[in-house]
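J.: let's see this in three dimensions:
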Amino acid sequence: MAQTFYKHDKYLSSDKMEGRFPGTKQNNKAATYIQKHFKKYGLKEFRNSYYQPFKVFVKEGINKMKSDSVTTQNVVGYVEGSDPKLKNEYIVIGAHYDHWGWGGQGSGSKKKEAFAIHNGADDNASGVSALLCILEEVSKMEVKPKRSIIFISFSGEEEGLIGSKYFVNHLPVAKEAVKVMLNMDMVGRLNDKKELYMGGAGTFPNGVELMKKLQINSGLNPVIHAGDVGGSDHVSFYKESISAVGFHTGGHPQYHTPEDDIDLINFEGGALVSKYIFNALTAIANYDQDLVFIKQN
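T.: Numbers count the residues shown, from 1 in each chain. Here you go, the predicted structure:
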């Protein structure tokens with residue numbers, strides 16, 4: 001799995017992808033890559049497409065662009081659950097695939113003066129790599145989990161969680177059927193202490209206990225917060241009273257700079273994280289108790 005994680009990350013964070021900025025050919029190319037794997041691993045489409053297009057307004061001074069409204073897309077598909085009744089409930093697992101392109105004065109780059117490709121190998125090619133590794137594992141399961149699982153890769157995260165907000169406001173299923181959302185944003189830099197951080201584990205029943213239990217033989221030291229939901233795409237779900245957990249391996253000096261490159265990615269660590277989250281996903285999709293939303297701080 002480590003090699004697969006590396007392969008996905010290397011493709012998505014290569015210079016030829018030019019930082020995957022919404023509205024660019026390279027952002028669309030990343031979406032095509034994800035869609036191809038969604039199809040390969042047997043995900044079903046909603047409304048005959050893996051794409052959910054939406055608009056992002058780009059202000060001046062970002063990524064060689066004039067101020068303009070551009071079209072980008074979320075990439076989404078689902079695995080049908082195996083339980084006749086519970087398959088009408090959905091667990092969402094996601095990771096954004098967009099990044100800052102070439103940066104620029106109006107961008108979220110920490111080095112605004114450096115007009116250079118921001119490859120975003122950790123932010124968030126790593127999350128997409130984990131998503132695709134997890135999907136591959138789910139595709140191998142002879143008996144699928146009881147509840148259905150929606151796999152989604154968001155665009156427009158860097159501009160303010162735009163893709164996930166759009167998805168939550170234009171769900172392909174009933175909102176009350178969406179029970180839990182798991183999000184991966186920057187999971188490629190596992191440290192020597194093997195710390196996987198998560199916020200929002202207490203937003204569904206016995207979530208903290210589940211995450212602690214999954215630590216056994218995982219090779220990881222999860223740092224589990226019941227609340228402390230965080231600042232990535234899962235927040236769009238939490239604000240709509242959907243249980244949401246965000247996973248990451250921590251910040252670093254290369255965050256939002258042109259130095260966030262593949263050579264700093266811990267892909268063995270990425271595989272450990274992917275396996276842990278796969279176990280969390282399948283456990284939640286097979287949960288015996290009702291998945292109700294629990295508000296946290």
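
J.: show me where this structure has its helices.
T.: Secondary structure of the chain by DSSP state H: the helices cover 2-12, 25-40, 126-139, 162-169, 207-213, 234-238, 267-285.

J.: to Gly188, which of those helices lies closest?
T.: Of all these, helix 126-139 sits nearest to Gly188, with 2.9 Å by C-beta to C-beta. Yep, even glycine has a C-beta here, placed from its N, CA and C like the rest.

J.: for that closest one, packing partners?
T.: Using 3 or more C-beta pairs under 8 Å, 6 or more residues apart in numbering; DSSP states H and E as the contact test, the elements touching helix 126-139 are helix 2-12, helix 25-40, strand 90-96, strand 148-154, strand 178-184, helix 267-285.

J.: and the second one with strand 148-154, angle?
T.: Angle between the axes of helix 25-40 and strand 148-154 is 160 degrees (criterion: axes from the mean of the first three to the mean of the last three C-alpha atoms, to 10 degrees).

J.: pLDDT of helix 25-40, averaged?
T.: With pLDDT averaged residue by residue, helix 25-40 scores 97.

J.: so what secondary structure elements neighbour it?
T.: helix 2-12, strand 68-79, helix 126-139, strand 148-154.

J.: mind listing what's buried in stretch 215-224?
T.: Neighbour counts over stretch 215-224 (16 or more other C-beta atoms under 10 Å) mark Ser218, Leu220, Pro222, Ile224 as buried.

J.: low-confidence ranges, the chain, go.
T.: 59-67, 100-114 (pLDDT under 70).

J.: most centrally placed residue in it?
T.: The centroid of the chain falls nearest to Ala95 when counting by C-alpha atoms, centre = their mean (1.2 Å).

J.: that one bridge partners, please.
T.: Ser153 (DSSP bridges).

J.: test my guess that it contacts Asp123.
T.: No. Using C-beta atoms under 8 Å, Ala95 is not in contact with Asp123, being 10.4 Å away.

J.: find residues that contact each of those two.
T.: Taking C-beta atoms under 8 Å, 6 or more residues apart in numbering as the contact criterion, the residues that touch both Ala95 and Asp123 are Asp185.
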